[in-house]
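> This is a predicted model, with the sequence first.
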2 protein chains.
Amino acid sequence: MRDLDITEVAQRAGVPASTLRFYEEKGLIASIGRRGLRRLFEPGVLERLALIAVGRAAGFSLDEIALMFAPDGRPRIDRQMLAAKAEELDRTIRELSAMRDGLRHAAACPAPSHMEC
Amino acid sequence: MRDLDITEVAQRAGVPASTLRFYEEKGLIASIGRRGLRRLFEPGVLERLALIAVGRAAGFSLDEIALMFAPDGRPRIDRQMLAAKAEELDRTIRELSAMRDGLRHAAACPAPSHMEC
DNA sequence: GTGCCAGTTCAAGTCGACTTGAGGTCAAGC
DNA sequence: GCTTGACCTCAAGTCGACTTGAACTGGCAC
């Protein structure tokens, strides 16, 4: 697939161009070059952005996410740390499941006040 | 159970007292009175704080959470909105599950770079 | 070749969620 | 009854994650 300019990436990923520039500055994504001033990205950046979105939804900070995309020299990711994150995520998932069920219940039940139901 | 003063709540809930004051100001929790200057809370506030924590983990803002604890006159929660939130949460859960599995895999596999593994 | 417009830089601003600091106040212990 | 310490208020500060504004630039259409 052809390289994408910043507006194409912004449209497809559903994020504003300003965010893309911000992420690039933070080292979360990289542009592959320029056409004139205009940044060019390889299509893979879309997958990367999706990962970033999921990571953010999971409660990771941008810095933590950047660490997971290890700058891939030696800043080696600690496997224990990864396992710990997975554990943490698992707990979060269980809590969210409980909340989802609570919401579904609240949506279904007919009591006037959600607190008494 | 006896009413709790702010430091007891802070300890049991694992949040700083400043956060409790902040939440009270926002209307997320309510103190039941004072002993001298010192706020008193009923024990139920602990459950409430747990709900707030889960809500935050689920990506809701404090204002959204406050809405769910409806001021319980008429700011009626829309059941459809609740169902929609549950849906959204469900999507998030599935994505987080994928991420957790990815992390577990990364933690287990022996490749030097996590990107090529 | 000259406008124009979308993209660029860099600094400053915003927003949510708290935290911190300065100065005040009570109730409890001595 | 007076000191002390923990909590009080209120304003200001911080932090992460972006967004916005002003001034600039370069390819494309004419």
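Structure's in. What do you need?

> Enumerate every residue touching the nearest residue in space to A:Ala108 that is not next to it in sequence.
Nearest non-adjacent residue to A:Ala108, counting by Cβ to Cβ, 6 or more residues apart in numbering or on different chains: B:Arg79, 7.7 Å away. The C-beta positions use only the backbone N, C-alpha and C, and glycine is treated the same way. When contacts are counted by Cβ atoms under 8 Å, 6 or more residues apart in numbering or on different chains, B:Arg79 touches A:106-108.

> Give me the buried subset of those residues.
A:106-107 (16 or more other Cβ atoms under 10 Å in any protein chain shown).

> Can you lay out the contacts of B:Arg79 as CSV showing secondary structure, pLDDT and distance to DNA strand D?
Output for the contacts of B:Arg79, formatted as CSV (DSSP: H, G, I helix; E, B strand; the rest coil; pLDDT from 0 to 100; distance: Cβ to the nearest atom of the strand, whole Å):
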residue, secondary structure, pLDDT, distance to DNA strand D
A:Ala106, helix, 73, 29
A:Ala107, helix, 74, 28
A:Ala108, helix, 75, 33
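
> returning to that earlier point: where's the residue nearest to A:Ala108 relative to A:Lys26, distance?
Using Cβ to Cβ, to the nearest Å, one gets 40 Å for the distance from B:Arg79 to A:Lys26.

> ditto for A:Phe69
For A:Phe69, the distance to A:Lys26 equals 11 Å [Cβ to Cβ].

> out of the two, which sits in the more crowded spot?
Using other Cβ atoms under 10 Å in any protein chain shown, the more surrounded residue of A:Phe69 and A:Lys26 is A:Phe69, with 17 against 12.

> All set, thanks.
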